[in-house]
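Trainee: task: produce atomic coordinates for the following.
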Amino acid sequence: MKFGGAAALEQGEKETLVTFSVSQLPLYACKIDDDGNDVNDNDVTYSADESSSISFLHDLVLGQWEDRVRRGLFRYDVTLCETKVISGRCGFIAQLNEGRHLKKRPTEFRVDQVLQPFDDSKFNFTKVGQEEALFRFELSRDHIPQYFPSARITSESDSPNIVAINVSPIEYGHVLLIPRIFDCLPQMIDNASMLAALHFAKEAADPFFRVGYNSLGAFATINHLHFQAYYLQVPFPAEKAPTRIISEPKNTPHNGVVISLLLKYPVRGLVFEGGNTIQDLSDAVAGSCIRLQSTNVPFNVLISSCGKRIFLFPQCFAEKQALGQVNPEVLETQVNPAVWEISGHIVLKRKEDFDKASEEYAWKLLAEVSLSEERFEEVKTVVLETLGLQAICTENIRISAEDDEETACNSTFAQHQLKDCVVREGGLGVGIGVACRDSEGVVWWGFTECKRAAVEPRLTEAEVVLAGVEAR
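Mentor: Purely as a prediction, here's the structure:
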């Protein structure tokens with residue numbers, strides 16, 4: 001990690017005046033190669049060395065966030081909210097946050113259009129208080145991460161990426177990444193913003209730190225381009241669900257990105273992994289999102305595993321709600337299923353719902369979010385065509401809360417008919433993390449007891465990377 005100040009910038013650069021004083025903010029610049037492509041390696045270093053770039057961004061986010069806690073900038077103390085893992089096979093997580101929906105900013109736009117123009121008369125992030133902004137996050141070509149306690153705004157960075165607190169947090173360390181804040185971009189994915197979000201997840205280098213995105217129509221509440229991120233010290237149910245690879249390249253050479261179907265989960269989704277570079281993976285996800293935006297399909301994105309696994313969930317809850325097609329019991333809870341809820345972290349607004357929360361309820365809620373099989377197949381086809389991939393033939397995917405106990409999405413997957421298996425000790429701090437592939441080619445990922453750690457033979461290291469874990 002290289003530290004510097006404004007004097008460390010190249011001489012001759014002119015400071016650009018802007019309405020929001022970002023020149024007072026620290027600057028964190030993450031490393032990329034000269035061609036802008038950082039290698040999408042699978043090595044994640046956990047170091048106690050204070051000079052480590054990985055631990056530094058982690059400490060920077062949390063140190064700045066806790067400083068804002070001490071200043072009283074949040075609307076409530078999220079650490080006082082009750083949280084529990086719901087008993088059952090998937091391990092959905094429930095949080096009771098009774099005041100959030102009353103204190104957060106209301107939605108100020110239509111929910112039936114994914115693409116809507118930026119409206120300066122509505123709330124946007126150029127209007128946040130100076131103290132809510134934490135630091136600037138930029139890409140650097142200097143081959144090493146750099147930190148500047150202060151840095152001038154130059155002609156090349158007059159619309160920087162800003163990290164700010166979410167004043168209505170869902171979890172500890174809940175922040176916003178606002179790409180090119182002064183460009184006043186509407187809430188729509190582009191290649192540059194997705195690449196910044198993946199680098200943000202990678203630089204944090206903590207599997208408990210996830211980055212999320214909600215499109216308009218999929219419960220984004222502000223039409224100004226932003227991602228969200230926070231820490232949660234347990235695996236999300238979506239992260240543990242099994243997947244099946246569905247894509248293969250039409251031509252060679254190929255960028256190495258692989259797309260899988262999410263299985264045994266209440267919301268149909270796609271999982272993007274691999275890529276020769278992080279930009280390859282980013283461009284594949286961004287290209288898919290751009291295509292969904294252009295066809296008015298609302299969606300949510302979860303960036304997981306330090307930027308190495310990206311979940312894409314097309315959804316239709318708001319559409320069904322407008323048509324009166326959502327189960328009244330689900331509507332009564334007033335839960336808005338955005339990226340965190342869809343991934344398995346469900347924020348509940350009423351004590352009675354929290355007390356009786358069950359896996360059956362979680363399935364019922366999330367099933368209302370999912371596209372029908374027919375509409376999802378259309379989305380899958382569009383995504384593969386957009387990326388120049390062709391489908392690998394697969395059987396129809398059945399989604400049901402009553403799937404066989406031994407093929408559900410918790411640790412009992414290890415009892416499935418295993419063909420290959422690899423074990424990663426330590427995992428995410430919950431027993432031992434395991435990636436398995438059964439006789440039908442389905443990749444399973446979850447956590448199991450230590451006594452199950454001796455399953456053989458192992459997947460090759462390349463196959464393990466596709467499963468979203470690391471060989472040890």
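
Trainee: ranges for the helices of the stretch 1-150 of the chain?
Mentor: For the stretch 1-150 of the chain, the helices defined by DSSP state H, counting those that start in this stretch occupy 53-70, 100-103.

Trainee: so where does the nearest residue to residue 189 once chain neighbours are set aside fall, helix or strand?
Mentor: Leaving aside its sequence neighbours, residue 189 sits nearest to residue 289 (CB to CB, 6 or more residues apart in numbering; 3.9 Å). All C-beta atoms are positioned from the backbone trio N, CA, C, and that covers glycine. Residue 289 belongs to helix 278-294 when assigned by DSSP states H and E.

Trainee: what packs against that helix?
Mentor: helix 191-204, strand 257-262, strand 270-274, strand 299-304, strand 309-314, helix 373-386 (3 or more CB pairs under 8 Å, 6 or more residues apart in numbering; DSSP states H and E).

Trainee: quick one: that helix to chain centroid distance?
Mentor: Put simply, helix 278-294 sits 14 Å off its chain's centre (CA atoms, centre = their mean, to the nearest Å).

Trainee: which positions within it qualify as buried?
Mentor: Neighbour-count burial for helix 278-294, counted by 16 or more other CB atoms under 10 Å, picks out 278-293.

Trainee: cool, stretch 323-333 as well?
Mentor: So for stretch 323-333, counting by 16+ other CB under 10 Å, buried means 326, 330, 333.

Trainee: is residue 198 in contact with residue 282, as I believe?
Mentor: Yes - if you go by CB atoms under 8 Å, residue 198 and residue 282 touch, sitting 4.9 Å apart.

Trainee: distance of residue 347 relative to residue 168?
Mentor: Distance, residue 347 to residue 168, by CB to CB, to the nearest Å: 11 Å.

Trainee: who has more neighbours out of the two?
Mentor: residue 347 (22 against 19; other CB atoms under 10 Å).

Trainee: contacting residues for the residue lying closest to residue 318 once chain neighbours are set aside?
Mentor: In this structure, residue 318 finds its nearest non-sequential neighbour in residue 111, 4.6 Å apart by CB to CB, 6+ apart. If you count contacts by CB atoms under 8 Å, 6 or more residues apart in numbering, residue 111 has them with 216, 217, 318, 322.

Trainee: recalculate using a threshold of 10 Å.
Mentor: Listed by CB atoms under 10 Å, 6 or more residues apart in numbering, the contact partners of residue 111 are 216, 217, 218, 219, 220, 298, 317, 318, 319, 321, 322.

Trainee: same thing with residue 124?
Mentor: 108, 118, 178, 181, 184, 185, 186, 222, 223, 224, 225, 226.

Trainee: show the contacting residues for the last one.
Mentor: What it means is residue 226. Residues in contact with residue 226 (CB under 10 Å, 6+ apart) are 124-125, 162, 164, 166, 176-179, 181, 185, 187, 193, 197, 213-214, 220.

Trainee: and if you look at the fifth one?
Mentor: For residue 184, the residues meeting the contact criterion (CB under 10 Å, 6+ apart) are 118, 119, 120, 124, 125, 126, 159, 223, 224, 225.

Trainee: export those to JSON lines and tack on pLDDT?
Mentor: JSON lines is the format used below for these (pLDDT from 0 to 100):
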{"residue": "118", "pLDDT": "95"}
{"residue": "119", "pLDDT": "93"}
{"residue": "120", "pLDDT": "91"}
{"residue": "124", "pLDDT": "93"}
{"residue": "125", "pLDDT": "94"}
{"residue": "126", "pLDDT": "92"}
{"residue": "159", "pLDDT": "87"}
{"residue": "223", "pLDDT": "96"}
{"residue": "224", "pLDDT": "97"}
{"residue": "225", "pLDDT": "98"}
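
Trainee: turn those residues into a markdown table, including distance to residue 82.
Mentor: Below are the contacts of residue 184 laid out as a markdown table (distance: CB to CB, whole Å):
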| residue | distance to residue 82 |
| --- | --- |
| 118 | 37 |
| 119 | 37 |
| 120 | 39 |
| 124 | 33 |
| 125 | 30 |
| 126 | 35 |
| 159 | 40 |
| 223 | 32 |
| 224 | 31 |
| 225 | 33 |
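
Trainee: may I ask which two of these are separated the most?
Mentor: Comparing all pairs in the contacts of residue 184 by CB to CB, the longest separation belongs to 119 and 159, at 18.2 Å.

Trainee: least trustworthy helix or strand in the protein by mean pLDDT?
Mentor: strand 418-424 (a mean of 33; mean pLDDT, DSSP states H and E).

Trainee: from residue 199, how far out is residue 65?
Mentor: In terms of CB to CB, residue 65 sits 19 Å off from residue 199.

Trainee: quick one: end-to-end length of stretch 69-85, please.
Mentor: 26 Å (CA to CA, to the nearest Å).

Trainee: ok, residue 365 - contacts?
Mentor: With CB under 10 Å, 6+ apart, residue 365 has these contacts: 92, 266-267, 317, 326-327, 329-330, 333, 335, 337, 341-342, 346, 348, 357.

Trainee: what's the angle between the helix or strand that contains it and strand 309-314?
Mentor: For residue 365, the host element (DSSP H and E) is helix 359-367. Between the axes of helix 359-367 and strand 309-314, defined by axes from the mean of the first three to the mean of the last three CA atoms, to 10 degrees, the angle is 70 degrees.

Trainee: state the mean pLDDT of helix 359-367.
Mentor: Summarised as a single mean, pLDDT over helix 359-367 is 95.

Trainee: do you know how far residue 220 is from residue 362?
Mentor: 22 Å.

Trainee: what do you get for residue 159?
Mentor: The gap separating residue 159 from residue 362 is 40 Å, by CB to CB.

Trainee: more neighbours: which of those two?
Mentor: Shown here are residue 159 and residue 362; by other CB under 10 Å, residue 362 has more neighbours (23 against 17).
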